[in-house]
Structure formats: structure tokens, C-alpha cells
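Peer 1: how would this look folded up:
(one chain, ligands or ions: 1)
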Amino acid sequence: MGETIKLTINQQEIECEKDQTILQVAKSVGVDIPTICFHDHCTANALCRICVVEVKGARTLIASCVAKVSDGMVIETHNERINRSRKTIMEMMLSTSDLSQSPQLLDIASAYHADENRFNDAERRNPPIIDDNSMFVRDYEKCILCWRCVQVCAEDAQYAFAINFKGRGYHTQISTFFEKPLTESTCVFCGQCIGVCPTEALKPKRQWLLELGYESDQIMQMTRNERNKKTKKPQTSSAEK
Ligand code: SF4
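Peer 2: Alright, predicted model coming up:
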């Protein structure tokens, strides 16, 4: 066992090991802090800021997924300032991205009473769906730029380095180098990016086609024999969205 320290979380005095993050220690004593960009198997980058907490003496709210605990720290994980910050983050996400297929994010939005109409003038992101291979589609209208897919594609798991950010500010998007189709990138179609995506921006092609109303045998034909062919919505189907 490593060196132990004492600190306070939400008025509760606890003893814990050094070299842990605030998020890890809070979780170990049953304190729930919401997370979005954080994933147990990815490197934490403090991008979304939903996990911020208040540390006594700190000038700003602190991202608990990356900040390490220290002896004597006094931490609050839920108060008016923190809750307002989380609410605003969710309102900004709701104003630009399609979160409709992300129950996890909708639950957080609901828990913090986020108003989806607060930023009515915000310009929504609505790039076209990218359907350039037979394995999965990319719908960046749903992307919240959490970076998880980039990480698992790189040093956190696959070392394929097929995707990264492109653009700046509002125009930032996940992309391949030179925006090439995935089939011309270093992608090995392992599917790990789909596994960590919290919004269904990345979706297995089969699931996407089923949702569009295609039958299994049609999908088999399309994905095996018509690779890379542009997919059209069927005219007759009860399962159409
Ligand atoms: S595609 Fe999914 S995993 Fe990748 S950055 Fe966007 S939301 Fe995150």
C-alpha cells in the first residue's frame, strides 16, 4: 500500500492513497461525479469539464478526472456553482449536437435541469453522414468531440492513428488525414472507436441499416457485395424513422 493522506469530500473526512485522482477517490467512497469524456480505459484529458469540483483555495473549478488528491484537500462535488457549470455545459452541448441517441448524456442534462432552448441562436452542427465503408458510419452531427475514439485508435489501444481532430473552434471535427475515406486510411476496422463513443456518432453499419428499415438479407448483400456503395433509404418499410 502506498503513502496515505487525509482529505475531506463533501464534509466527509477520509483517508486514501496518494497518486489518485479526485474522481477515483470520490468513487471509492460512494460519491458520484458525472463524467462524459472520461472513460475507464482511456487516458483522461479533462475536455468536457462536466466532472469539475470545487477545491478550497483553488481559483477555478477543477476537473476531477485529471486532478490528483493531496493531503488536507477540502473538496465539494456538488454545490450551486458546480451545478450551474454542469447545467451550462449540457445546455451548450444540446444547442449544437444531436444527443437524442445518448441516454447517458440526456440523463445528465435532466439531472442538472438543462434547458435545451437556452442557446436558441446557436448554430447546430449538421455535417452529412459519412458512409465510406462496409463496417460503420460516422454521423458527426452527434459528435461531442470527447476524443475517446481518437484515443483508442491511438496509444490507448490500437496504435492505428487513423483519426484525429481537423479544423478549429466551431469547425472542429474528427476526421482522417486529408479527409480520406476510412478505407484509404490506417483504420483496421477493429470497432474500438464505436465501443467507446458515448453518442452513437459512430455506429455499426448493420445497426444503421436496420434502423433505416433494411432487412437482414438486403444488408448482407449491401455490406458484402456492394462495399462503399452509397446507401439510400428504402421506399417501403415500417421501420423507417
Ligand atoms: S465520434 Fe464519438 S467518441 Fe469520437 S469524439 Fe465524437 S462523440 Fe467522442
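
Peer 1: Look up how far the ligand lies from residue 17.
Peer 2: Separation of residue 17 from the ligand (CB to the nearest ligand atom, to the nearest Å) stands at 31 Å. Where C-beta positions appear, they are placed from N, C-alpha and C, glycine not excepted.

Peer 1: ok, residues contacting the helix ranked longest in the chain?
Peer 2: If you go by DSSP state H, the chain has its longest helix at helix 80-96. Contacts to helix 80-96, defined as CB atoms under 8 Å, 6 or more residues apart in numbering, come from residues 34, 48-50, 52-54, 61, 76, 99, 105, 108-109, 112-116, 118-120, 122-125, 144.

Peer 1: next one: stretch 130-138
Peer 2: 129, 139-140, 174, 181-183, 187, 189, 191, 194, 201-205, 208, 222-224, 227-228, 230-231.

Peer 1: May I see the ChimeraX selection of the buried members of those?
Peer 2: Filtering those down to the buried ones (16 or more other CB atoms under 10 Å) takes a single ChimeraX command:
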select :139,140,174,182,187,194,201,202,203,205,208,222,223,231
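
Peer 1: Which members of the contacts of stretch 130-138 additionally contact the ligand?
Peer 2: 174, 201, 202 (CB under 6 Å from any ligand atom).

Peer 1: Narrow these to those in strands?
Peer 2: 174, 202 (DSSP state E).

Peer 1: Give me the domain ranges for the protein.
Peer 2: The chain is divided into the following domains under automatic domain parsing: 4-77, 79-124, 136-225.

Peer 1: Export the ones you listed to a markdown table and append columns for mean pLDDT.
Peer 2: Listed next are the domains of the chain as a markdown table, based on pLDDT from 0 to 100:
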| stretch | mean pLDDT |
| --- | --- |
| domain 4-77 | 97 |
| domain 79-124 | 96 |
| domain 136-225 | 94 |
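
Peer 1: Now do residue 123 against residue 32, distance only.
Peer 2: According to CB to CB, to the nearest Å, residue 123 and residue 32 sit 33 Å apart.

Peer 1: Let me know the secondary structure of the closest residue to residue 72 other than its chain neighbours.
Peer 2: Distances taken as CB to CB, 6 or more residues apart in numbering put residue 7 closest to residue 72, at 6.4 Å, once the chain neighbours are dropped. Recorded secondary structure, residue 7: strand (DSSP: H, G, I helix; E, B strand; the rest coil).

Peer 1: my guess is residue 7 meets residue 67, correct?
Peer 2: No. Contact criterion CB atoms under 8 Å: residue 7 and residue 67 do not qualify, at 11.9 Å.

Peer 1: Return the residues in contact with residue 223.
Peer 2: So residue 223 contacts 134, 135, 205, 206, 209 (CB under 8 Å, 6+ apart).
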